[in-house]
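# got a sequence here, can you model it:
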Amino acid sequence: QTNLKLLTCAGVFCCLIWNGFAQQGNDCIKANAKSCGECIQAGPNCGWCKKTDFLQEGEPTSARCDDLAALKSKGCPLEDIENPRGSKHVLEDREVTNRKKGAAEKLKPEAITQIQPQKLVLQLRVGEPQTFSLKFKRAEDYPIDLYYLMDLSYSMKDDLENVKSLGTALMEEMEKITSDFRIGFGSFVEKTVMPYISTTPAKLRNPCTGDQNCTSPFSYKNVLSLTSEGNKFNELVSKQHISGNLDSPEGGFDAIMQVAVCGEQIGWRNVTRLLVFSTDAGFHFAGDGKLGGIVLPNDGKCHLENNVYTMSHYYDYPSIAHLVQKLSENNIQTIFAVTEEFQAVYKELKNLIPKSAVGTLSSNSSNVIRLIIDAYNSLSSEVILENTKLPKGVTISYKSFCKNGVNDTQEDGRKCSNISIGDEVRFEINITANECPKKEQNETIKIKPLGFTEEVEIYLQFICECQCQSEGEPNSPACHEGNGTFECGACRCNEGRIGRLCECSTDEVNSEDMDAYCRRENSTEICSNNGECICGQCVCKKRENTNEVYSGKYCECDNFNCDRSNGLICGGNGICKCRVCECFPNFTGSACDCSLDTAPCMASNGQICNGRGTCECGTCNCTDPKFQGPTCEMCQTCLGVCAEHKDCVQCRAFQKGEKKDTCTQECGHFNMTLVESRDKLPQPGQPDPLSHCKEKDVDDCWFYFTYSVNSNGEANVHVVETPECPSGPDIIPIVAGVVAGIVLIGLALLLIWKLLMIIHDRREFAKFEKEKMNAKWDTGENPIYKSAVTTVVNPKYEGK
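Sure, this is the predicted structure:
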């Protein structure tokens, strides 16, 4: 019975596994693929069987496309299944640079590697992700270019005095971080049109009031291109003069755009690029130019002539998104050094510009060096990966493995924080193609850390066709006189031809003559109402449940209308073919629900059904109606083994009992052995089934025996030769005990009576005492009583 349950469970489990595979294969079948290329694009688990005779009669060409496990189960050899897989191949994989500050070797910036690998090729199949690992390590003593962009409107007058000595002081501080540092300087005010500045001739010469000597207003001026000479910075900046404008917001966005895109004029190298933007005011952005009649959007190109921005009156301010794009393209990290009043505004701007920082500038810019150092440390301690625009249908995901075991996914998977110089972090990048490009061209994407010039170049190649398609035979004779290309085991018909072998033209599809070939004899149903007639052949329709299939010349067969058992087709023990169950070995019956295995019927004594029945479909059918149970071992109306053989054992071993006179005739069916004691009786654990018995004889004595049947069917009885008889009662102790019990009970009763009387007397005495105390006696004098004493008062006594 246990084995039968295990077999049933195994069958159910197999069906569940098959259903799981089939569910995965649903996408393959639903794709209705007409070619191998269409099939492999339906999903990563889809394969195409190119075996020529794979299809059953009535099955469409699209039935060649299915889940791999399903194709194998249908008889398609592994070597005939087209299932191309994606791959990755690294083209350039230089190790990250390990060098210390002050080392003898002086590497050029382009020779320093902080990201690995550098180039790779990914072959992508639709739905199958390709994963690779990206390593990033901050190099020590990495070169830095810093450009200081300052607001020279009148409100920044006192700040300019402190910035004049910034060059040498900042060089000294930055030498602690890198031995290769360059600094540049630029300034900005505002667009040179109304209403941003006053355009009267006098104000154009000197926009300041009173005796202030100010320079003419300008939009942006590149004062000093990047240089390693700090003294030159001090010299040129000291010659700068303050200017002025009318409105509070400044034209800083114009200046940032020019600094970002004018790489040659500024002198940017492919190193860490820092832009320090110093101001005490807000900013104009795209759309504000309309106030001055400027409507052309900023073109994001360099317009410096003699280091001065000349198109401020022609192009509008750039938008924030435009700035983000250009700063990112040129790997520039921005530090906003602004006064306390505008901290909130620039912090919101920082959230929109990746790899940017905000520092609080004192009212006279005296803390600018500390601000720059802190902001640089903050920016350089975080790495954020970004990728170029992805081709249509391609997705990318990141997983970061940062310091101290910190891992993140989704958007946080792009970045790692708290990175020190020399620290190495890793990213796991997953790229998936969800569809093939229409032109099947290769694509290239790039991934790089924000603010760094290094990048990973990834060439994407899409697997949209099968290898066997390139081996196809155009105008093949196998496709009805050359009306198609024979590829991957099937015909791909030329235009205007249809049918499995391209045997029909599209004009013949609905011909009534063709329909006659799709009817069974004596039937009016076309394809048994389970398909459609194409070119005189039935193409069976698909069911909503893709595990259920119609087949046959007239679609008269299916694999889901067979008999069921336990809710499963063919009981899970066979395959339904054309509405008839084909059972697995050891099963039979219309629903394969009858097991031929006799193991469930085997009794503990090695006999099938204990010799009292026959094994049918793995279950005992007991021939003796008295017996029942899985192996016909139970008999509710039968005596037990011990009670059944009690009289025979008694008569043969002790010559007494009910069968004493007929012992020879009725009790010779077993072999008997006498043993000295119970310890000598056979014990459990021997091969033959054994029963231990304890019974009473006619003298009320207990006798012990065992009953067993060996494999030959012989009964063996072992009997203890001496019965255990109970001894007679001892009278004297019994009488003495009874007398003693009576005396003790009497004494106990007397003691109880005495105790109750004592308690009663004490209660009565206490009651008397209480009444005595509460009594009130009359204390008045006797009215007839006269005292014997008479008192006389001397009238003459005056108390002397």
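
# what is the mean pLDDT for stretch 419-436?
Per-region confidence: stretch 419-436 scores 89 on mean pLDDT.

# which parts of that stretch are buried?
419, 425-429, 431-433, 436 (16 or more other CB atoms under 10 Å). For the C-beta atoms, the positions are set from N, CA and C on the backbone; glycine is no exception.

# okay, now the unreliable bits of the stretch 1-150 of the chain?
1-26, 99-107 (pLDDT under 70).

# can you map out the strands along it?
46-49, 65-67, 81-82, 87-92, 115-116, 119-125, 130-137, 144-151 (DSSP state E, counting those that start in this stretch).

# residues in contact with the first one?
Translated: strand 46-49. By CB atoms under 8 Å, 6 or more residues apart in numbering, the residues outside strand 46-49 that reach it are 25, 27-28, 31, 33, 36, 39-40, 64-68, 71, 74, 76, 80-83, 466, 488-489.

# make it 7 Å
For strand 46-49, contacts defined as CB atoms under 7 Å, 6 or more residues apart in numbering pick out 28, 36, 39-40, 64-65, 67-68, 71, 76, 80-83, 466, 488-489.

# repeat that for the last one.
Strand 144-151 has contacts (CB under 7 Å, 6+ apart) with 156, 163, 166, 174, 178, 181-188, 226, 250, 252, 255-256, 259, 266, 268-269, 271-281.

# where along the stretch 151-300 of the chain do the strands fall?
Counting by DSSP E, counting those that start in this stretch, the strands of the stretch 151-300 of the chain are 181-188, 220-227, 272-279.

# picking up where we left off before, between the strands of the stretch 1-150 of the chain, which one is nearest to residue 378?
Evaluated over the strands of the stretch 1-150 of the chain, closeness to residue 378 peaks at strand 144-151, with 14.5 Å, by CB to CB.

# and the angle from the closest one to strand 272-279?
Between the axes of strand 144-151 and strand 272-279, defined by axes from the mean of the first three to the mean of the last three CA atoms, to 10 degrees, the angle is 20 degrees.

# roughly how far apart are the nearest residue to residue 515 once chain neighbours are set aside and residue 84?
Leaving out its chain neighbours, the residue that sits closest to residue 515 by CB to CB, 6 or more residues apart in numbering is residue 533, at 5.1 Å. As defined by CB to CB, to the nearest Å, residue 533 lies at a distance of 35 Å from residue 84.

# who's more crowded, those two?
residue 533 (22 against 18; other CB atoms under 10 Å).

# what pLDDT does the more buried one get?
82.

# picking that back up, for ChimeraX, write the selection for the buried entries among the contacts of strand 144-151.
Selecting the buried subset of the contacts of strand 144-151 in ChimeraX, with 16+ other CB under 10 Å as the burial test, is done by:
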select :156,163,166,174,181,182,183,184,185,186,187,188,226,250,252,255,256,259,266,268,269,271,272,273,274,275,276,277,278,279,280,281
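
# residue 137: what's it in contact with?
Per CB under 7 Å, 6+ apart, neighbours of residue 137: 96, 114, 423-424.

# CSV for these, including distance to residue 48?
As requested, those are arranged in CSV below (distance: CB to CB, whole Å):
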residue, distance to residue 48
96, 43
114, 45
423, 49
424, 44
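
# nothing else from me, thank you.
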